[in-house]
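A.B. asks: Sharing a model that was predicted from the sequence below.
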Amino acid sequence: MTAIKTLHILNKSPDNPRAAKCLEMVSEEDGLLLIGGGVLFLATGNLPGAAKVFALSPDVDARGLGKLKWSSASAVDFAEMVQLSLQAQRVVSW
Amino acid sequence: MSTLIMIDQPPYGAWTGREALDMAFSLAAFDQPASLLFTGAGVNWLRQAQEAGGIGQKSVEKNLSAAPIFGIEAIMADRSACSTYGLDENSLIEGVTLVDADAALLTNYDHTAFAG
């Protein structure tokens, strides 16, 4: 997997003002990891097109979003989440 | 004295939503009419098939479906918030009434309080 420069980890739900600020800052070669309330972006669908987007599946299933088609993000489990944050050069926890 | 409890915070992120449910159930248990209104990210409490085992929590669906038995008068969800989060009749749990969470609605209740 191509190295991610900056991994943005977002656990805020879409109506939290900090979530909008995060999405503004995600650039093309960055990764965006949705956890906690952040996975609700799979329901609203307004995600940055270019960046590599991941979502933590236990959080996704908890919110009943497991059945959603995964066009906008790829599912990761806890171990893969750790891998992602190790690979990234920088991590921003929102 | 009728009470409306509004829940606008998403599920499983913090405990405020669950505390609001407990508050509503306690009101109902003391025969105080209580209703629930989910707005904003709070409507995500009402999606079907929530499997919260993976994050070590219990799904709220069971408590919500038991609400009428506990005497909760109505479980309402704001229409525009539901469309924002892609919720409709076949993804919402049963017993939810779609409403417009506006000032007019609030006039039906003596006391309205938010969770958290």
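C.D. replies: All right, it came through fine.
A.B. asks: what pLDDT, on average, does the host helix or strand of A:Leu86 get?
C.D. replies: Per DSSP states H and E, A:Leu86 falls inside helix A:78-87. The average of the pLDDT scores along helix A:78-87 is 94.
A.B. asks: How about that helix and chain B, touching?
C.D. replies: No. Interface with chain B: helix A:78-87 contributes nothing (Cβ under 8 Å from any Cβ of the partner chain), its closest point being 8.9 Å away. All C-beta spots, glycine's among them, are computed from the backbone N, C-alpha and C.
A.B. asks: That helix: which residues count as buried?
C.D. replies: Residues A:81, A:84 are the ones in helix A:78-87 that count as buried (16 or more other Cβ atoms under 10 Å in any protein chain shown).
A.B. asks: and if you look at stretch B:49-60?
C.D. replies: For stretch B:49-60, burial by neighbour count (16+ other Cβ under 10 Å) applies to B:50, B:52, B:54-55, B:59-60.
A.B. asks: Count residues in the vicinity of the residue lying closest to A:Asn16 once chain neighbours are set aside, would you?
C.D. replies: In space, and not counting its chain neighbours, A:Asn16 is closest to A:Gly37: 7.2 Å by Cβ to Cβ, 6 or more residues apart in numbering or on different chains. Other residues lying near A:Gly37 total 25 when counted by other Cβ atoms under 10 Å in any protein chain shown.
A.B. asks: do the same with A:Asp61
C.D. replies: As a burial measure, A:Asp61 scores 21 neighbours (other Cβ under 10 Å).
A.B. asks: ok, the helix or strand where it lies near chain B or not?
C.D. replies: Using DSSP H and E, the element containing A:Asp61 is helix A:57-62. Yes. Against chain B, helix A:57-62 shows contacts by Cβ under 8 Å from any Cβ at A:57-59, A:61-62.
A.B. asks: just checking, what packs against that helix?
C.D. replies: strand A:74-76 (3 or more Cβ pairs under 8 Å, 6 or more residues apart in numbering or on different chains; DSSP states H and E).
A.B. asks: Distance from the chain centre to the helix or strand where B:Ser83 lies, please.
C.D. replies: Assigning secondary structure by DSSP H and E places B:Ser83 in helix B:79-84. From the chain centre to the centre of helix B:79-84 is a distance of 14 Å (Cα atoms, centre = their mean, to the nearest Å).
A.B. asks: With stretch A:49-69 instead?
C.D. replies: 8 Å.
A.B. asks: Just the C-alpha atoms of that stretch, please, in PDB.
C.D. replies: Extracted in PDB, the C-alpha atoms of stretch A:49-69 (Å, rounded to 0.1, in the frame of the first residue of the first chain):
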ATOM      1  CA  GLY A  49     -13.200  11.900  -3.100                       C
ATOM      2  CA  ALA A  50      -9.500  11.700  -3.600                       C
ATOM      3  CA  ALA A  51      -8.100  10.700  -0.200                       C
ATOM      4  CA  LYS A  52      -7.800   7.000   0.900                       C
ATOM      5  CA  VAL A  53     -10.700   6.500   3.300                       C
ATOM      6  CA  PHE A  54     -10.800   3.700   5.900                       C
ATOM      7  CA  ALA A  55     -13.500   2.900   8.500                       C
ATOM      8  CA  LEU A  56     -13.200   0.800  11.600                       C
ATOM      9  CA  SER A  57     -15.700  -2.100  11.100                       C
ATOM     10  CA  PRO A  58     -16.700  -2.700  14.800                       C
ATOM     11  CA  ASP A  59     -17.800   0.900  15.000                       C
ATOM     12  CA  VAL A  60     -19.600   0.600  11.600                       C
ATOM     13  CA  ASP A  61     -21.500  -2.600  12.700                       C
ATOM     14  CA  ALA A  62     -22.400  -1.000  16.100                       C
ATOM     15  CA  ARG A  63     -24.200   1.700  14.200                       C
ATOM     16  CA  GLY A  64     -26.000  -0.700  11.900                       C
ATOM     17  CA  LEU A  65     -24.100   0.500   8.900                       C
ATOM     18  CA  GLY A  66     -22.500  -2.900   8.100                       C
ATOM     19  CA  LYS A  67     -24.800  -3.500   5.200                       C
ATOM     20  CA  LEU A  68     -23.800  -0.400   3.400                       C
ATOM     21  CA  LYS A  69     -21.900  -0.800   0.100                       C
END
